[in-house]
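> turn this into a model:
(one chain, ligands or ions: 1)
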Amino acid sequence: MSSKTVRVERDGELALIVAHNPPVNTITAEVRAGLGEVLPVIRADRSLRAVILLCEGSTFFSGADIGEFSGPPRETEYRALFNSLEALDMPVVVAMHGTVMGGGLEIALAGHYRVAVPTTRFALPEVTLGIIPGAGGTQRLPRLIGADKALDFILSAKPVSAQQAIELGFLDALIDGDLREGAMRYARQLLADHKGPRRTGEMVVDASTAGAAMFERQRAQARKLYPNRTAGLVAVDAVRKAASSGLAEGLEYETARVNECKLTAESRGAVHVFFAERDSRRVPGLPDDVQASEVRAAGVIGAGTMGGGIAVCFANAGIPVTLIDASAESLERGRAGIERTYQSMVDRGRLTDADREQRLGLIRTSLDYQALRDADVIVEAVFEDQALKQEIFRKLDAVAKPGAVLATNTSTLDINHIADATSRPADVIGMHFFSPANVMPLLEVVRTERTSAAAIKTVMALSKPLRKTPVLARVCYGFIGNRMMEGYAREAQRIVLEGATPRQVDSALEEWGMAMGILAVFDMAGVDVGVNVHKANASRYPPDPTYYQADFALVDAGRLGQKNGKGYYRYVAGNRSRFDDPEAIEILRRRARELEVPQRTHSTTEIQERCVFPLLNEGFHVLGEGIAVRAADIDVVWTSGYGFPRYRGGPMFYAETIGLKALHDGIIRYRDRFGPMHWQPAPLLVELVERGISVAEWEREQAAKRGHQ
Ligand SMILES: NC(=O)c1ccc[n+]([C@@H]2O[C@H](COP(=O)([O-])OP(=O)(O)OC[C@H]3O[C@@H](n4cnc5c(N)ncnc54)[C@H](O)[C@@H]3O)[C@@H](O)[C@H]2O)c1
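Predicted structure coming up:
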C-alpha cells in the first residue's frame, strides 16, 4: 500500500515505512496523512515482527512544516501520530541520514531504536524560533538521556554529529555502508536477541539528572544564552515537567506551553525572519520568460580582503574562478590569504586536506584579462575609486563574452556611472558582499536603472550555490544596509562625545539585542575605513560639525581599531576581549571640548532609542523610495548582515512591534530636544501613522497599483 509520500515495503517479517517528500522530507500534512494511513495496517498485520522507518532522498525528516506555523496548532495531531508509532507492539527501528531537525528528531524519539549513518546531524533548534520542541521532544529526550543533557541540547540548539548522539545516548548504533541494508540487519538482530518494543514514553527520567539545583543552573543558562526572551525558560519548565509526570500529562503540558510561545513577539519575529530569508530570492515583477543563466566559470578582479573572500565563495560552490590583480605581488598576497583561510578551516575540522586542495585547485590567478574570456560572471573588488573602477569595466567590456554578468562590489559608488563605462550597461549589477565575504551570509544585489532582468535572475540564482542570502536593492548611497547604519552610528558617536563611555553605549546596544555594539564593530572593521568614506563623501552629509567626530578624533590620534590594538577600546594580542581605555576616553572628551559638546549623563533607554530610532526611520525612507522591494527584505539585510536580533524580526518588523505611532512620536520627542537636522520622521512613516495602516497594508496597495499600470 502507498500514498504519494509514504509507502510500505515488505521484506519477510520486516515492514519498511519509506517516506519520500523532496527536497528535504519535511513532515507536511501529506506525510502525516501517509503515516497515519500505514500505521494501522502494519499494526493489524500479524505476520510482521519489526518495523523500520526511513526516508529516501537527501535526508531523513528534516523537520516540521514551518509553513503551518501561522495556522491552527497541530501539536495534538503530531502527538497522536507519534504516540501510535510508539505504541506498535513490535520493535520500531528508525534509520536516519542527513540533517535531522526538530520534528524529524522528535518522530525518531518516538521510535524504539535509532540508528544512523555516521554523517547524520541532529538538532532541536526550536528555541531559536522562540518556541520549544512541541512534538514530544521536551518529554521524550530527557527520558532517554536525562534532564540535564536534554536541556544542554535543547538550549544550545546546535547540531551534534552521529557520534555525539551516541555519546549523549539517543542514538543506538552507527550504520556503515547502505543504511537500508544496515537497518534491516539491525532489526533482524533485535529479533534474534528477543528484543521487543522499547518505548521511550514508558521510561522515567533519571532522578539524579533532574535535581532542583540543576534546573536553576539551566534557567540561568537560558537567560544568558537568550536574553530578552522566554522560550529557553519555557523549555526548562517543560523538561522539569517530564521529570515529574507521566508521558501523557507531560505532552499536554508541552502542547499548552508551545502554543503560548507561538504568540510571543520573539517567536513571531524569528519566524518572520525565517520566511523573509526564504522569500528574498524571489523578485516580483520580472518577466517569466527570462531565465537565469548557469554560471560555470567566474572571475574576480582585485585579490584583496574582499576579492579573496569572494573567490573562496566561488571555489566552495565548485565554480572555477580566475582571480586578477594589478601586480604579481598583490596576487601572491591574495593567494596566501586564501590559503590561510582554507588552512584555518582544516585546522578547525571544517574541511579535509583533500577538500582544501580541490578548492584551491579551482582558483587560478592571472595578470591577464584575457583569462576572463570564458567567465559567466565577473566580480570587481578593487580599491573604492570611481575612475579606477570605470577603467576596469572598460577592460572587462573588451574581453568578457557576450551576456556575461559584470558585477561590482562597491559600497559607496554610483553603479550607474560604472555601467556607463561599458557598451553593455544591461549586464552591469552590484554584488555587495560583506566582510569576511566567505563567512557573512548577506549579499546585496544592486540593480541600476538599466540592469536587465536576466542579469538580476542570474545573480539571484547564483547566490544559492554561493550560499548567500540575496536581497535586491536599487542604487542609492549606502544601498539598504549601510544607508540605515548612518543614523544609527551617528547617534552612537554623538553620545560618546556627550560623555558616555564607549562601553556604556555598546553595552546598551548589546543588552537591547545587537550582536555587537556599534563602536566595537568599528574597531573590528577599522575606524579609519569609516573616516575615509566620510572624507571622500563629505558633501553628502548634514552640516553638523560634530558628525562622526568620535571616529575622526580617534583616527587623528592614530587609533585605527583592532588592527593596531587601539580604537574605542584597547586590545591585547592573542586576546579577543576589549578593554576600556582611559586614553581613548580622554581623546573623545578633548574633541568634545573643542566642539563645545555639552557633557551629560545618559540612561540605557536613551542610548537605545537614540541609536535604534534613526535606524528604523531610515528603513521607511528606503522602503518609501523603492530602494528595497519589500519591508521584509530590509529585515533580512539587518538580521543577516548587521547583527540585528532575529527575535526582534528586523527593523521594519520591530517598528510595528513597538507601534508605528510610538516610533513616530519618539522621533518627534527627540526632534523637540535636539532639533530637526537629524530628527525627522520619514514621509512614509508619517503617511502610515496618519492613515492608521500597517506596512503590509501599504505594500498590498502598492502591489495593486502596480497591477493596474
Ligand atoms: N572591506 C570591506 O569590508 C568591504 C565590504 C564591502 C565592500 N567593499 C568594497 O570592496 C572593494 C574592495 O575592498 P577591499 O577591502 O577588498 O580592498 P583591498 O584594498 O583589500 O583590496 C583591493 C585590491 O584591489 C587590487 N587592485 C587595485 N588596483 C587594481 C587594478 N587596477 N587591477 C586589479 N586589481 C587592482 C589591489 O592590489 C588589492 O589587492 C571596494 O570597492 C570596497 O568598497 C569592502
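> switch to C-alpha atoms for all contacts and neighbour counts from now on
Noted.
> enumerate the residues of this structure near the ligand.
301-307, 324-326, 330, 381-384, 409-411, 432-435 (CA under 6 Å from any ligand atom).
> can you give me the helices in the stretch 351-500 of the chain?
Ranges of helices in the stretch 351-500 of the chain, per DSSP state H, counting those that start in this stretch, are 353-361, 386-399, 415-420, 453-462, 481-497.
> contacting residues for A628?
472-474, 480, 622, 634 (CA atoms under 8 Å, 6 or more residues apart in numbering).
> please repeat the previous calculation with a cut-off of 6 Å.
A473 (CA atoms under 6 Å, 6 or more residues apart in numbering).
> show me just the buried residues among the residues of the chain next to the ligand.
Buried members of those, scored by 16 or more other CA atoms under 10 Å, are 301-307, 324-325, 381-382, 409-411, 432-435.
> what's around P197, how many residues?
19 (other CA atoms under 10 Å).
> quick one: secondary structure of it?
Look at P197: counting by DSSP: H, G, I helix; E, B strand; the rest coil, its state is coil.
> not counting sequence-adjacent ones, nearest residue to it?
Closest residue to P197 apart from its sequence neighbours, by CA to CA, 6 or more residues apart in numbering: P91 at 4.2 Å.
> quick one, grab the pLDDT at that neighbour.
Here the pLDDT value assigned to P91 is 98.
> next: A64.
89.
> what's the answer for A573, then?
89.
> backbone phi and psi for the nearest residue to it once chain neighbours are set aside, please?
The spatial neighbour of A573 that comes closest, neighbours along the chain excluded (CA to CA, 6+ apart), is G565 at 7.4 Å. Main-chain dihedrals, G565, degrees, to the nearest 10: phi 80, psi 0.
> pLDDT score for the residue in the stretch 401-550 of the chain that the ligand sits nearest to?
Residue nearest to the ligand within the stretch 401-550 of the chain (CA to the nearest ligand atom): T410, separated by 3.8 Å. Looking at T410, its pLDDT reads 98.
> coming back round to it: separation between the residue nearest to A573 and P125?
37 Å (CA to CA, to the nearest Å).
> what about the two, which has more around it?
Neighbour totals were compared for G565 and P125, and P125 leads with 21 against 16 (other CA under 10 Å).
> separation between the more buried one and the ligand?
30 Å (CA to the nearest ligand atom, to the nearest Å).
> so what's D397 up against?
By CA under 6 Å, 6+ apart, the neighbours of D397 are T422.
> residue numbering should commence at 625 henceforth.
Noted, 625 is the first residue going forward, which turns the last one into D1021.
> and it, what's its pLDDT?
What the model reports as pLDDT for D1021 is 98.
> swap in M625?
The model reports M625 with a pLDDT of 46.
> ok, now R1330?
pLDDT, R1330: 85.
> name the helix or strand for it, please.
Using DSSP states H and E, R1330 sits within helix 1319-1332.
> buried residues in that helix?
So, applying 16+ other CA under 10 Å, buried residues of helix 1319-1332: V1319.
> do the same with stretch 643-661
Going by 16+ other CA under 10 Å, stretch 643-661 has these buried residues: 643-645, 648-652, 655-656, 658-661.
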